[in-house]
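Enquirer: Sequence first, then the predicted structure, then my questions.
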Amino acid sequence: MEKIYWHNDRFMIYQVKQLLDDHQIPNFIKNEFAIGATGELSPMDIMPEVWLTDSEWRPKAKKLIAEFDQRRAIIASPWKCVKCGETNEANFGLCWQCGSHNNGELT
């Protein structure tokens, strides 16, 4: 068994687990319910983690997780409106200045 991923955001843990499940990579979540022990245990001991049950899957799992992190970084990037040139935060689908749709052009 080998730890392949950890994050303090439980949502990210479940996304990575689902990604690995979708590719039939055997895995499980460790410390899934340890958050209840906050204050009793070290913060490092209660962080949710994704573990592989077979280390042979490590290269493929690492590649998938790296691609996932790369896509997530792109999605979270600000974008520039092609109509008015205004820079908008990633969470806006429309330009706050002119109301044009995000065409996917990153700043």
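Expert: Received, thanks.

Enquirer: distance of residue 94 from residue 10?
Expert: Noted for residue 94: a distance of 30 Å to residue 10, by CB to CB, to the nearest Å. Heads up, the C-betas are built off the backbone N, CA and C, glycines and all.

Enquirer: And the contacts of the longest helix along the chain?
Expert: In the chain, taking DSSP state H as the definition, the longest helix is helix 58-75. Applying CB atoms under 8 Å, 6 or more residues apart in numbering, the external contacts of helix 58-75 come out as 2, 4-5, 15-16, 19-20, 23, 25, 27, 52, 90, 106.

Enquirer: Using the record's assignment, carve the chain into domains.
Expert: Using automatic domain parsing, the domains assigned to the chain come out as 2-75, 78-107.

Enquirer: just to revisit the earlier point, among the contacts of helix 58-75, the buried ones, what's the ChimeraX command?
Expert: Entered in ChimeraX, the line below selects the buried ones among the contacts of helix 58-75, by 16 or more other CB atoms under 10 Å:
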select :4,5,15,16,19,20,25,27,52
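
Enquirer: out of the contacts of helix 58-75, what pair is the most spread apart?
Expert: Pairwise distances across these (CB to CB) peak at 34.5 Å, for the pair 2 and 106.
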